[in-house]
Structure formats: structure tokens, C-alpha cells
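Engineer: predicted model, plus sequence, below.
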Amino acid sequence: MQLGLIGLGKMGGNMRDRMKAAGIDVIGFDTNREISDVADLAELVEKLEAPRNIWVMVPAGKITDSVMSELQGLLAEGDLVIDGGNSKWSDDLGHAEQFAETGVHFMDCGVSGGVWGKENGYGLMCGGAEEDVERMMPVFDALRPEGPREEGFVHAGKVGAGHYAKMVHNGIEYGLMHAYAEGWELLEAKDIVTDVHGCFKAWTRGTVVRSWLLDLMVKALEETPHLEGISEYSTDSGEGRWTLEEAIANAVPMPVLAAALFSRFTSRQENSPQMQAVAALRGQFGGHEVMQFGQEPYHVTKEGQAEVSPAAQPKQDDGASRPGAAKSEH
Ligand SMILES: O=C(CO)[C@H](O)[C@H](O)COP(=O)(O)O
């Protein structure tokens, strides 16, 4: 089987290798000429035999939109395009409609597995017509993990369903990561457990909380035992937000995802404006101490003297000496 693959980055590049190893004749295009098999999309389309199969693996949003538009001008009736990037599920509906004008088939596929997928295989969630799924099955079989097809592949429904499933998968991912992170912080905070890494490692076998994310947490702690030097700054690529939007639209409570997503926003703040407002309000209604930047918290003694509050003195259990306690300096 022949396949055009657009986007040979961290995901696409590895997927090309895995597909080639399974005997698929892949012609890849990337804007990086050094790794690309062809100069541009026109050459890619020209080199593929009709009816063509093209897998698009580029960043979601504007880049995907522009690739789809360019392809629409190049492809012919009977060709098939599959969006394997992390597109928003609702974008698929527009792309399917766009391609339908010229008789080009369109499918979507959520791909999970990250940089480890080349070795372990990718979890695939696709959306589209049954006949298109059948047509692309050799490609799905090449990409998915070894073992029963249903443990690593699903035809989730019509166009959009694959990315919808991947979006929810990523929403779950946010919550799982955050739960491990919270547990790690508490174990680090209390001095009774002296081998935190050992606990995480022990949990990888036999326990209720074992998972691949837990394995990766163990790997991270092996590389950096107390995560020293790792900035808390965490970005997001949109899937958590989309999942939460869907939760609201469908009145599904998703407090775990909301907390995990909002924590990422907090991680990007040097200072929390909303907590400044809370501190200011406590000062207004209760006369509670309001600290200024660079100033130790103080209170006024009965004698009218300002003195540093005992609460500001570092204690063993106040977190001031732990990794991640820098914000308590304010
Ligand atoms: O799809 C993925 C993993 O399953 C990607 O790594 C994705 O980037 C993760 O989402 P976010 O960047 O918002 O954390």
C-alpha cells in the first residue's frame, strides 16, 4: 500500500519509520527539505498513484487548515485524506464538507503514544465511513501496538468522532498527571517517607494506580530525584480547554480536569493577581496583614511596634524549605 505523509516532525517522522518497517510505501513531505522526500505538496500528489491516500500530521488549527485547502486544489475524486493531528473535532466537520465538494473522502484519527509510539505502537481512534476505515486498515494495523486490534484501535464513529475521543483521552490525561503530581508533592512535603521515588517505583507493579504515566513519573524521578531545576511552567495545546467546553455544553461535571487545567494557567503566573485581591480584601474586612513584595509579613504589637509575624518564620512543616516553595517568599 502507498501513502503520502504530510508532516515529519516528532510524531510524523516516527510514524513514517514504523509504517515503512511494516511494508507501507510512504512518501513523506515536510517543510524541512532535509527530511522530506518531495519538494512540495504538488510533487507529493504527483508521485502518488490514484486513488491516493494521504495522512496529514501537522499542528492543529491554521496549519492544518492551510494544508487541507492546498490539498483540495490538488486532489481528485476518490482520493482519501486522513487528519491524524490533534485537530479540534469540530474542525473535521468543515474539512469533510470541503473535500466532499470534489468527491475526496475524509477521515480523522486521534493518535496517542507520543515519542514512544515508534517502538510501542500508537493508540488510534478514528472517525469516518466504514469503507474508508477498511481502506486505511493496513495503515492502522502498521501503526497500532501489536496484539488484538481492539486493544489499540477503535473506529469511534462518524467523521469527528476520532478527534472527539482523543480530546476526551487528553482530558483524562490531564487529570491523571495531576493526581500523580499532587501525591508526589505531599510525599515530598512530609518527612516520614524517606524514599519517595521508591514509592512511585513500587506502585508500578500490582497496585491499583499502576499505569504508563506512573512509569514515566518514575523515569522522571530517576533522571531528577526531586525534580530539581525543572520549571513549573506548563503550557497546553488546547485539548483540555476543548474538553472542558464540551463538559459545559453537555452539563457533564468535570472538576478534576478543570482543576488540572487551571493549575497549568497558575503555573504560568509569576504572581497571582486573584490572590493579591484576596489578600487585599482580607486586609480590608479583617485588618489582616497584607504583605508587600519583598517585605516580611508583619503585625502591629500592643505597644504599636511593627514586628515580623511568627507565621512568616520558616517552620519545618510550612514548606518554605521544600522544592517549589519559592512563591512563599512573597
Ligand atoms: O496528545 C498528546 C498526548 O496524548 C500531546 O502530547 C498533547 O500535546 C498533550 O496535550 P497538552 O499539550 O495540552 O498537554
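Structural biologist: It's in. The shown structure was predicted, so the numbers you read here are calculated from the model rather than taken from an experiment.
Engineer: which residues in the stretch 201-330 of the chain form strands?
Structural biologist: Listed in chain order, the strands of the stretch 201-330 of the chain (DSSP state E, counting those that start in this stretch) span residues 298-300, 306-308.
Engineer: ok, the stretch 51-200 of the chain next?
Structural biologist: The residue ranges that make up the strands of the stretch 51-200 of the chain, judged by DSSP E, counting those that start in this stretch, are 53-56, 80-83, 105-112, 123-127, 153-157.
Engineer: looking at these, spot the one closest to Met275.
Structural biologist: Of all the strands of the stretch 51-200 of the chain, it is strand 105-112 that lies closest to Met275, at 35.3 Å by C-beta to C-beta. (Glycine included, C-beta is placed from N, CA and C.)
Engineer: partner strands of the closest one and their direction?
Structural biologist: Within its sheet, and counting by DSSP bridges, strand 105-112 is paired with strand 80-83 (parallel), strand 123-127 (antiparallel).
Engineer: in JSON lines: the ones you listed, plus mean neighbour count, distance to Gly206 and mean pLDDT.
Structural biologist: Rendered in JSON lines, the data for those read as follows (neighbours: other C-beta atoms under 10 Å; distance: least, C-beta to C-beta, whole Å; pLDDT from 0 to 100):
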{"stretch": "strand 80-83", "mean neighbour count": "26", "distance to Gly206": "39", "mean pLDDT": "98"}
{"stretch": "strand 123-127", "mean neighbour count": "26", "distance to Gly206": "24", "mean pLDDT": "98"}
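Engineer: of all those strands, which lies closest to Gly183?
Structural biologist: Of all the strands paired with strand 105-112, the one in closest proximity to Gly183, counting by C-beta to C-beta, is strand 123-127 (24.7 Å).
Engineer: show me what from the stretch 151-300 of the chain comes close to the ligand.
Structural biologist: Where proximity means C-beta under 6 Å from any ligand atom, the interface of the stretch 151-300 of the chain facing the ligand comprises 170, 173, 236-237, 239-240.
Engineer: list only buried entries from those.
Structural biologist: 170, 173, 239-240 (16 or more other C-beta atoms under 10 Å).
Engineer: low-confidence ranges in the protein?
Structural biologist: Applying pLDDT under 70 to the chain flags residues 296-302, 304, 306-330.
Engineer: in it, which spans are helices?
Structural biologist: Across the chain, reading from the start of the chain, the helices by DSSP state H fall at 10-21, 41-47, 62-74, 89-100, 117-120, 130-143, 161-189, 196-203, 212-223, 239-249, 255-267, 273-286.
Engineer: the fourth one packs against which elements?
Structural biologist: Secondary structure elements in contact with helix 89-100, counted by 3 or more C-beta pairs under 8 Å, 6 or more residues apart in numbering; DSSP states H and E, are helix 62-74, strand 80-83, strand 105-112, helix 161-189.
Engineer: which residues touch the residue in the stretch 1-150 of the chain positioned nearest to the ligand?
Structural biologist: Using C-beta to the nearest ligand atom, Ser112 is the residue of the stretch 1-150 of the chain that sits closest to the ligand, at 4.6 Å. With contacts defined as C-beta atoms under 8 Å, 6 or more residues apart in numbering, the neighbours of Ser112 are 122-125, 166, 169.
Engineer: 10 Å instead?
Structural biologist: For Ser112, the contacting residues are 86, 122-125, 152, 165-166, 169-170, 173, taking C-beta atoms under 10 Å, 6 or more residues apart in numbering as the criterion.
Engineer: what is the most widely separated pair among those?
Structural biologist: Across the contacts of Ser112, the two lying at the largest distance from each other (C-beta to C-beta) are Asn86 and Gly152, at 18.1 Å.
Engineer: got a list of what Gly175 touches?
Structural biologist: Taking C-beta under 10 Å, 6+ apart, we find Gly175 in contact with 240, 243, 254-261.
Engineer: and for the closest residue to it other than its chain neighbours, the neighbour number?
Structural biologist: The spatially closest residue to Gly175, leaving aside those adjacent along the chain, is Val256, at 4.0 Å (C-beta to C-beta, 6 or more residues apart in numbering). For Val256, the number of neighbouring residues by other C-beta atoms under 10 Å comes to 15.
Engineer: kindly report the same for Trp242.
Structural biologist: Around Trp242 there are 21 other residues, counting by other C-beta under 10 Å.
Engineer: hang on, it packs against Lys88?
Structural biologist: Yes - Trp242 is in contact with Lys88 according to C-beta atoms under 10 Å; the separation is 5.6 Å.
Engineer: shared neighbours, the two?
Structural biologist: Listed as contacting both Trp242 and Lys88 by C-beta under 10 Å, 6+ apart are 60, 163-164, 167.
Engineer: any idea how far the closest residue to Glu222 other than its chain neighbours is from Val159?
Structural biologist: In space, and not counting its chain neighbours, Glu222 is closest to His197: 7.0 Å by C-beta to C-beta, 6+ apart. From His197 over to Val159 the distance is 45 Å, taken as C-beta to C-beta, to the nearest Å.
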